[in-house]
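Colleague: Sequence and predicted model, in that order:
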Amino acid sequence: MSVLLDRTNRVLIQGATGQMGTFFIEDARKYGTNVVAGVSPGRAGSMVGGDVPVFGSVRAACEETGADTAIVFVQPAAVLAATIEAIEAGCRLVVATADELPVADTIEIRAAARANGAAFVGPNSPGLISPGKAKLGFMPSFCYREGNVGVISRSGSLSYEGAKRLTMAGIGQSTAIGIGGDPVKGTTAAEALALFHQDPETSAVLYLGEIGGSEELFVAEYASRTDAKPIAALIVGKTAPPGKKMGHAAALIGSKAEGHQAKVAMLREAGVQVANGLGEVVSATRAALASRTRAAAVA
Amino acid sequence: MMMLEHEGKRLLAGVGVPVPQGTVIEASAAPDTAGAGISAFPVAVKAQVRSGGRGKQGGVRQVRTAGELADTVRNLLQTSFGGETPDAVLIEPWLSIERECYLCVAVDGRAGGYVVMYAPRGGVDIEEGPPPARYPVGAPWNFRAHELRKILKDVEPDYQWREKVIALAQRLVRVASMHDCSTIEINPLAKLADGSLIAADAKVVRDEWAHFRNQEIHALREAEKGRVGKLLRDCLDMGHMYVRLDGDIGLMSGGAGMTMAAMDMIAEQGGRPACFLDVSPGPTSAHGYRPALAMLDADPQVTVILFSVFGGGTQMQRVANSVKELMAGRNSSKPVVFRLDGTNVDQVPGIFAQFGAHNHARLEDAVSEAVRLAGNPA
């Protein structure tokens, strides 16, 4: 199985006629994503990607096509309006990959999603993919294969690299969620873990984190539960100096607890298999999967 | 982006937060303390710098006479605080403070929005004391005075003061949201002899991504670019992110997480990264990458360049073609080690063969070659 996304999601694309939207439609459909509509105000009645109808509003697209999932490819200044439109039109999953989104807008989108019972993934994220089923984002498809490891990542490119290493080692993934590099997230690590916890076909989770912020605190909190699924993790930024923003707004060591050493120690304390660098991502994930097998054998 | 104290206080004064009546003397103009019209003493003369710990480094001085003022201003404008020479000094009446508290409104991931933090004892040693009380607000319209009151009851026994703090916190949450501030920290929040409240200091951080709707933030961004050299400014204009480090391997990479992972791997293999340089937010054309390569070529500290991109939406054949164009027009002999992976990577070797470059399939191999070329032990 997978979380949030599978073949049943009926996907609409906001900003469908732009360069990114057009590229995504072709790539995502090739992968099996069920793209049913485009939304582009002023372009209603036209087609994108050959045969995907374009509507002037999300509501019209949902009513005509049964779309229930939205992915947004518009300028940062327009993301707030586009995502709120999708959430209020009843979409159950809304994905915004855009970076450079003002955090005040993310806060508003997150609140709207929660109030409407929708899941919001992003911003500053590659989106999500349920290998072998569907993708909602730009991740290179060949890096993934279907399987039972859930992946949660604060960084796009790091999640491609991490997933590719798993795939080449024969370890498939249930769903890979890019929670994004911003301090406020549509879906947090804790919320993503709660989804994987409920998914019977996710046996273990690989968490790809960074220095800065408090996300890892909740990963450790989950891992400490007696019924937790086993977790493997990589925390990058061992060599990052304190007080400097390392690209992502949230990747800044403001206090000791936000540093690499403290996070790794906290995660290990909680029983997480922490990799020493990219080279150990596969072995740490294998160790997590093996610990689950042992737990199952005892039970 | 951090605002200077006087800029932050101007913002706060504009929304009705009491701040001392200050006079700013810029370093750029010939500092004219006589013309500033300061007649009441003592005054506080405060260096305007963005780095923290100013108070502990002597950046705030008490001045009692007009004669002393000119010397102090000149002296502060020539002093470096955490590597930063002040752009200006702020002169304010010396406050007779009865109590110093701490109040901060900040964006917080755990709160899913804003958090209010309050400590009954503020000042320069705030970090050594017990952690401030936290009220996770979330979305700004979720602020409830009674919720904060419940939290502050055990922390702040003076109910009249407590009510003033609550009213101020409510206003600051609104201000943070409306004016795109990721942090508004008032430390100390001072209680004066008459019981009134005043923001004796202010640290305001603005969200740079709101530049499209906020003229002040746009200006701060431009000013920040103006403070760096031309080579780096060209990179920042492309949207690149740069942090200087102290090694010799010039890392030019895609994505914040992968850039840090590559930095860590360089260190693991015994090398030292010269920088964190994330080029992924910029265009993938030769034009887009040129400033970054030019900066690393010109940097005497950099002896070898590691170019590493793992792209999803970024298509690798485009990156490879840009690299080809870039290398043809380059006149530096510093070695460049490549590792491209991601969408359409199968087209890369063919393009690289046209100009005799090699693409490493694995990051480990690219890093090890870069470390070897930099002359570090593997």
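Modeller: In hand now; what should we look at?

Colleague: Now chain B against chain A: closest residue?
Modeller: Taking Cβ to the nearest Cβ, chain A has its nearest neighbour within chain B at residue B:257, 2.3 Å off. Quick note: C-beta positions are derived from backbone N, CA and C, even for glycine.

Colleague: With adjacent residues omitted, what lies nearest to that residue?
Modeller: residue A:155 (2.3 Å; Cβ to Cβ, 6 or more residues apart in numbering or on different chains).

Colleague: what's the helix or strand for the residue of chain B closest to chain A?
Modeller: Assigned by DSSP states H and E, residue B:257 falls within helix B:256-268.

Colleague: Please work out how many residues are found near residue A:56.
Modeller: 14 (other Cβ atoms under 10 Å in any protein chain shown).

Colleague: next one: residue B:230
Modeller: Around residue B:230 there are 11 residues (other Cβ under 10 Å).

Colleague: swap in residue B:142?
Modeller: Applying other Cβ under 10 Å, we find 16 residues neighbouring residue B:142.

Colleague: OK, contacts around the residue of chain A found nearest chain B?
Modeller: Residue nearest to chain B within chain A (Cβ to the nearest Cβ): residue A:155, separated by 2.3 Å. Shown in contact with residue A:155 (Cβ atoms under 8 Å, 6 or more residues apart in numbering or on different chains): A:178, A:181, A:208, A:210, A:236, A:248, B:255-258.

Colleague: sorry, back to before: tell me if whichever helix or strand comes after the helix holding residue B:257 is near chain A.
Modeller: Next along the chain after helix B:256-268, taking DSSP H and E as the criterion, comes strand B:275-278. Yes: interface with chain A: strand B:275-278 contributes B:276, B:278 (Cβ under 8 Å from any Cβ of the partner chain).

Colleague: Show me which residues of the next helix-or-strand element following strand B:275-278 are buried.
Modeller: Once the chain leaves strand B:275-278, the next helix or strand it forms, by DSSP H and E, is helix B:286-298. Within helix B:286-298, the residues that count as buried by 16 or more other Cβ atoms under 10 Å in any protein chain shown are B:286, B:288-297.

Colleague: go on, stretch B:113-128?
Modeller: In stretch B:113-128, counting by 16+ other Cβ under 10 Å, buried: B:113-120, B:122-124, B:126.

Colleague: ok, back up a step: surely the residue of chain B closest to chain A is in contact with residue A:156?
Modeller: Yes: applying Cβ atoms under 8 Å, one finds residue B:257 in contact with residue A:156, separated by 7.2 Å.

Colleague: and the nearest residue to residue B:280 once chain neighbours are set aside, what does it touch?
Modeller: Residue nearest to residue B:280 in three dimensions, not counting chain neighbours: residue B:254, with 4.0 Å by Cβ to Cβ, 6+ apart. Shown in contact with residue B:254 (Cβ under 8 Å, 6+ apart): A:157, B:278-280, B:308-311, B:314.

Colleague: Toward the C-terminus from the helix or strand hosting residue A:152, list the very next helix or strand.
Modeller: Here residue A:152, judged by DSSP H and E, is contained in strand A:146-153. Counting by DSSP H and E, the next helix or strand C-terminal to strand A:146-153 is helix A:156-168.

Colleague: Check the offset of that following helix from the chain's centre.
Modeller: A distance of 13 Å separates the centroid of the chain from that of helix A:156-168, by Cα atoms, centre = their mean, to the nearest Å.

Colleague: in it, what counts as buried?
Modeller: Under 16+ other Cβ under 10 Å, the buried positions of helix A:156-168 are A:156-167.

Colleague: How about residue B:216, nearest residue that isn't a chain neighbour?
Modeller: For residue B:216, the spatially nearest residue (Cβ to Cβ, 6+ apart) is residue B:206, at 7.3 Å.

Colleague: try residue B:198
Modeller: Residue B:198 sits nearest to residue B:18 (Cβ to Cβ, 6+ apart), 4.6 Å away.

Colleague: same check, this time on residue A:193
Modeller: Nearest to residue A:193 is residue A:222, by Cβ to Cβ, 6+ apart, at 4.7 Å.

Colleague: For residue A:173, list the residues it contacts.
Modeller: Here residue A:173 is in contact with A:129, A:131, A:144-151, A:163, A:166-167 (criterion: Cβ under 8 Å, 6+ apart).

Colleague: ditto for residue B:218
Modeller: Applying Cβ under 8 Å, 6+ apart, we find residue B:218 in contact with B:211-212.

Colleague: in the helix or strand in which it is found, what's buried?
Modeller: Residue B:218 is located in helix B:215-226, with elements delineated by DSSP H and E. Residues of helix B:215-226 classed as buried: B:216-217, B:220-221 (neighbour count, 16+ other Cβ under 10 Å).

Colleague: now do stretch B:176-196
Modeller: By neighbour count on 16+ other Cβ under 10 Å, the buried set for stretch B:176-196 is B:176-177, B:179-191.

Colleague: quick one: which of the residues you listed is nearest residue A:8?
Modeller: Of all the buried residues of stretch B:176-196, residue B:177 has the smallest distance to residue A:8: 37.0 Å, by Cβ to Cβ.

Colleague: coming back round to it: surely the residue nearest to residue B:216 touches residue B:219?
Modeller: No: shown here, residue B:206 and residue B:219 do not form a contact pair, counting by Cβ under 8 Å, at 10.2 Å.

Colleague: what domains does the record give for chain B?
Modeller: Following automatic domain parsing, one finds the domains of chain B at B:19-93, B:97-214, B:228-373.

Colleague: Can you measure across the second one, start residue to end residue?
Modeller: Distances were taken as Cα to Cα, to the nearest Å; on that basis the terminal residues of domain B:97-214 are 35 Å apart.

Colleague: The first one now?
Modeller: Domain B:19-93 stretches 11 Å from its first residue to its last (Cα to Cα).

Colleague: The last one now?
Modeller: Using Cα to Cα, one end of domain B:228-373 lies 29 Å from the other.

Colleague: How far does it sit from its chain's centre?
Modeller: Relative to the centre of its chain, domain B:228-373 is centred 24 Å away, using Cα atoms, centre = their mean.

Colleague: Give me the contacts around stretch A:187-199.
Modeller: Contacting residues not belonging to stretch A:187-199 are listed as A:1-4, A:119-121, A:150, A:152, A:154, A:174-175, A:177, A:179, A:202, A:205, A:207, A:209, A:215-216, A:218-219, A:221-222, A:228-229, B:109, B:112 [Cβ under 8 Å, 6+ apart].

Colleague: Now, those that are in strands?
Modeller: Under the assignment DSSP state E, these contribute A:119-121, A:150, A:152, A:174-175, A:177, A:205, A:207, A:209 to strands.

Colleague: Of those residues, which is the nearest to residue B:142?
Modeller: Using Cβ to Cβ, those come closest to residue B:142 at residue A:120, 17.0 Å.
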